[in-house]
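Asker: turn this into a structure:
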Amino acid sequence: ATLAAKSRRAAQLLLPLLDILQSVPILGFLSFTVTFFLGLFPGQVLGAELAAIFTIFTSQAWNMAFGMYQSLRSVPTELEEAARCFGLTGWQKFWRLEVPCAVPSLVWNSMMSMAGGWFMVVYSESITVGQTRILLPGIGSYVGVAISQKNISAILAAILAMMAVILVYDQLLFRPLTVWAFRFRLETAVQDEALAEPWVLRLLRRTRVLRSGINLLLSFVRKIGSLPLGHRQGRFRPSQTVLSQRLSDGLWWGVVGLVFLCALEQAWVYGRAAYTPGQIGHVVVLGFYTLLRVISMLCLASLIWVPVGVWLGLRPIRAQRAQLIVQYCAAFPANLFFPIFVGGIVYFHLTPDIWLTPLMMLGAQWYILFNVISGASSFPPNLLEVGQNFEVKGWLWWRRIILPGITPSYLAGALAAAGGAWNAAIASEVALWGNETVRAHGLGAYIAQATSEGDISEVALGVVVMALFVLILNWLVWRPLSDYAYRRLKLS
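Answerer: You can find the predicted model right below:
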């Protein structure tokens, strides 16, 4: 994220790559990673465990990377100028300015990433690729077996266990982090309300041994962050001429284009031998079905959760109270709702293509809510007071004050939600309950079926088509919107 935010050329490669990695369903990863890790440790459970851990990683990392990237691009200009005036090096500026500005976003995105890991835990611990079926000990495989056996009591027990674990790590980790991150808000006004200090922070501050250990750790981090590494921002550096800039850009794009053409040639040779035009066209049509679900999910989730996120984020006490509830909702795997959806679709003879779409929202809508809460909680109270003094209310207040202020955070959440929706297509287009199977038309169902049959070539085709859809959306929608927010809606 830092490299993409600071280097224009790195961003041109890393951002599309992150978009693809975030959007590819975990079954697309499993088909290849299971074989790889089992080959590294033949006959040992360690290979399957590493494959499961890697799968959980793929559902968590990209969201935090996008949040960090958006935070680095949203650092106020006057603070960057102050860092240059103080002669901070690149390393010192990163730790003293950029990381503190990104802390609120990182905390809320880490909650979402943790919840995303729970959402995908069923698929990571119950691995089925062709004739290979691996059940790792854990709540995910337990839920998978309970669904196959139609065991309602076992599913309820799994829900209670998940709620207990979420409660524990919320109290020990995220609640203290939320209060701690409150100090990094970009503001100068005095807050009207203060967050209640969690019992974990009181324990750390009042216990002499723990306080001494934390102070020692913080002093070590400060020394590391104060190292004079890199060039000083205020010193003069010779800038490139227009001609040299154009030559370097031409050389860069020439290398990138050459690599792309080589990869395209290899893909063309393999595609001609493995697929027919009709097969490729069929998968592209399925991609449009899934695209319609992704767009409808984003519109509906934005209409619901943007007002809720603003209402929660502008009052830190509300956000703190709702934090645990939102984590519970975001962590629920879509599989736990299969009995309701499958039973309703079969009993009322409903259309799966429409009524399985809400399952996609379950895994993606929370990205929007968490990022909107993060953006609203970081909104400068000074601007809110100006709006109150001028009696700006209603739709004018939304259009002129709060929506422009939270747009960078919203775009990061919407981008993550779109990627999460593509990823959640495997859970929303195929619903299983015992012997009952309900399928919708789409890329998620295609990849899920190909994975269960062990057809690697079809899995690869589905993943490549999905990656192309993601890249096209990135070039036509997300990157232009992100650049517009950076140019026009940056707080400075």
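
Asker: what are the ranges of the strands in this structure?
Answerer: 126-129, 132-135, 430-433, 436-439 (DSSP state E).

Asker: CA-only coordinates of the third one in CSV, if you can.
Answerer: Put plainly, it is strand 430-433. Output of strand 430-433 as CSV, limited to C-alpha atoms (Å, rounded to 0.1, in the frame of the first residue of the first chain):
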residue,chain,number,x,y,z
VAL,A,430,-24.6,-22.1,-4.8
ALA,A,431,-26.6,-22.9,-1.6
LEU,A,432,-26.4,-26.4,0.0
TRP,A,433,-28.7,-27.8,2.7
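
Asker: and it, which strands flank it?
Answerer: Applying DSSP bridges, strand 430-433 is found paired with strand 436-439 (antiparallel).

Asker: just give me how far the partner strand sits from the chain centre.
Answerer: Its chain's C-alpha centre and that of strand 436-439 lie 28 Å apart, by C-alpha atoms, centre = their mean, to the nearest Å.

Asker: same question for stretch 166-184.
Answerer: 19 Å.

Asker: out of the strands of the chain, which gets nearest to residue 159?
Answerer: strand 430-433 (16.0 Å; C-beta to C-beta). For glycine as for every other residue, the C-beta is placed from the backbone atoms N, C-alpha and C.

Asker: what's in contact with the closest one?
Answerer: Here strand 430-433 makes contact (C-beta atoms under 8 Å, 6 or more residues apart in numbering) with 147-148, 150, 335, 338-339, 341-343, 345, 352, 356, 359, 437-440, 444-445, 448-449.

Asker: returning to that earlier point: output the strands of the chain in a markdown table; the columns should cover mean neighbour count and mean pLDDT.
Answerer: Shown next, in a markdown table, are the strands of the chain (neighbours: other C-beta atoms under 10 Å; pLDDT from 0 to 100):
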| stretch | mean neighbour count | mean pLDDT |
| --- | --- | --- |
| strand 126-129 | 22 | 69 |
| strand 132-135 | 14 | 75 |
| strand 430-433 | 21 | 76 |
| strand 436-439 | 16 | 80 |
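
Asker: of all these, which lies closest to residue 103?
Answerer: strand 126-129 (35.8 Å).

Asker: how many other residues sit next to residue 247?
Answerer: Counted with other C-beta atoms under 10 Å, the neighbours of residue 247 add up to 12.

Asker: okay, it and residue 485: tell me how far apart.
Answerer: Between residue 247 and residue 485 the computed distance is 31 Å (C-beta to C-beta, to the nearest Å).

Asker: one step back: distance to residue 161 added to the strands of the chain, as CSV?
Answerer: Shown next, in CSV, are the strands of the chain (distance: least, C-beta to C-beta, whole Å):
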stretch, distance to residue 161
strand 126-129, 16
strand 132-135, 17
strand 430-433, 21
strand 436-439, 25
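
Asker: nearest to residue 158, of these?
Answerer: From those, taking C-beta to C-beta, the stretch that ends up closest is strand 126-129, at 12.5 Å.

Asker: pLDDT score for the residue most central in space within the chain?
Answerer: Closest residue to the average C-alpha location of the chain: residue 63 at 2.3 Å, with C-alpha atoms, centre = their mean. Model confidence at residue 63, given as pLDDT, is 79.

Asker: residues contacting it?
Answerer: So residue 63 contacts 22, 109, 112-113, 116, 367, 416, 419-420 (C-beta under 8 Å, 6+ apart).

Asker: the residue nearest to residue 224 when sequence neighbours are not counted - how many residues pack around it?
Answerer: Nearest residue to residue 224 in three dimensions, chain neighbours excluded: residue 95, at 7.5 Å (C-beta to C-beta, 6 or more residues apart in numbering). Residue 95 is flanked by 16 other residues according to other C-beta under 10 Å.

Asker: list the contacts of residue 95.
Answerer: Contacts of residue 95 (C-beta under 8 Å, 6+ apart): 224-226.

Asker: so what pLDDT did the residue nearest to residue 113 when sequence neighbours are not counted get?
Answerer: By the measure of C-beta to C-beta, 6+ apart, the closest residue to residue 113 outside its immediate chain neighbours is residue 60, 3.8 Å from it. On pLDDT, residue 60 comes in at 83.

Asker: again with residue 232
Answerer: If you check residue 232, the pLDDT there is 71.

Asker: and if you look at residue 453?
Answerer: For residue 453, the model assigns a pLDDT of 77.

Asker: in helices only, show me the contacts of strand 430-433.
Answerer: 147-148, 338-339, 341-343, 345, 352, 359, 444-445, 448-449 (DSSP state H).

Asker: of those, which is the nearest to residue 262?
Answerer: Nearest to residue 262 among those, with distances taken as C-beta to C-beta, is residue 444, at 30.6 Å.

Asker: ok, the residue nearest to that closest one when sequence neighbours are not counted to residue 473 distance?
Answerer: Leaving aside its sequence neighbours, residue 444 sits nearest to residue 425 (C-beta to C-beta, 6+ apart; 2.6 Å). With distances taken as C-beta to C-beta, residue 425 is found 14 Å from residue 473.

Asker: give me the more crowded residue out of the two.
Answerer: residue 425 (34 against 20).

Asker: look at that one and report its pLDDT.
Answerer: 80.

Asker: again, but for residue 275
Answerer: For residue 275, the predicted pLDDT is 85.

Asker: picking up where we left off before, most neighbours among the ones in helices among the contacts of strand 430-433, which one?
Answerer: Taking other C-beta under 10 Å as the neighbour criterion, residue 444 ranks highest of these with 31 neighbours.

Asker: that residue touches residue 450, doesn't it?
Answerer: No: with contact defined as C-beta atoms under 8 Å, residue 444 does not reach residue 450; the gap is 10.9 Å.

Asker: pull up the overlap in contacts between these two.
Answerer: Between them, residue 444 and residue 450 share no contacting residue, judged by C-beta under 8 Å, 6+ apart.

Asker: can you tell me which helices and strands the longest helix seen in the chain packs against?
Answerer: Longest helix of the chain, by residue count under DSSP H: helix 277-313. The helices and strands touching helix 277-313, judged by 3 or more C-beta pairs under 8 Å, 6 or more residues apart in numbering; DSSP states H and E, are helix 316-331, helix 357-377, helix 403-423, helix 425-428, helix 443-453, helix 456-473.

Asker: highest mean neighbour count out of the ones you listed?
Answerer: Per residue and on average, the most neighbours among the helices and strands packed on helix 277-313 fall to helix 425-428, with a mean of 28 (mean count of other C-beta atoms under 10 Å).

Asker: what is that one packed up against?
Answerer: helix 277-313, helix 357-377, helix 443-453.

Asker: can I get those in JSON lines with distance to residue 86?
Answerer: Listed next are those as JSON lines, based on distance: least, C-beta to C-beta, whole Å:
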{"stretch": "helix 277-313", "distance to residue 86": "31"}
{"stretch": "helix 357-377", "distance to residue 86": "27"}
{"stretch": "helix 443-453", "distance to residue 86": "51"}
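
Asker: closest one to residue 329 among the ones you listed?
Answerer: helix 357-377 (6.9 Å).

Asker: send over the closest one as PDB, restricted to the C-alpha atoms.
Answerer: Below are the C-alpha coordinates for helix 357-377, written out as PDB (Å, rounded to 0.1, in the frame of the first residue of the first chain):
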ATOM      1  CA  THR A 357     -28.400 -12.400  -4.300                       C
ATOM      2  CA  PRO A 358     -28.900 -11.200  -0.600                       C
ATOM      3  CA  LEU A 359     -26.300 -13.800   0.300                       C
ATOM      4  CA  MET A 360     -23.800 -11.700  -1.600                       C
ATOM      5  CA  MET A 361     -24.600  -8.700   0.500                       C
ATOM      6  CA  LEU A 362     -23.900 -10.700   3.700                       C
ATOM      7  CA  GLY A 363     -20.200 -10.900   2.900                       C
ATOM      8  CA  ALA A 364     -19.600  -7.500   1.300                       C
ATOM      9  CA  GLN A 365     -21.900  -4.800   2.800                       C
ATOM     10  CA  TRP A 366     -19.800  -4.500   5.900                       C
ATOM     11  CA  TYR A 367     -16.800  -3.100   4.100                       C
ATOM     12  CA  ILE A 368     -18.900   0.000   3.200                       C
ATOM     13  CA  LEU A 369     -20.200   0.300   6.800                       C
ATOM     14  CA  PHE A 370     -16.800   0.000   8.500                       C
ATOM     15  CA  ASN A 371     -15.100   2.400   6.100                       C
ATOM     16  CA  VAL A 372     -17.900   5.000   6.300                       C
ATOM     17  CA  ILE A 373     -17.700   4.800  10.200                       C
ATOM     18  CA  SER A 374     -14.000   5.300   9.900                       C
ATOM     19  CA  GLY A 375     -14.300   8.300   7.600                       C
ATOM     20  CA  ALA A 376     -17.100   9.900   9.600                       C
ATOM     21  CA  SER A 377     -15.200   9.400  12.900                       C
END
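
Asker: all set now, cheers.
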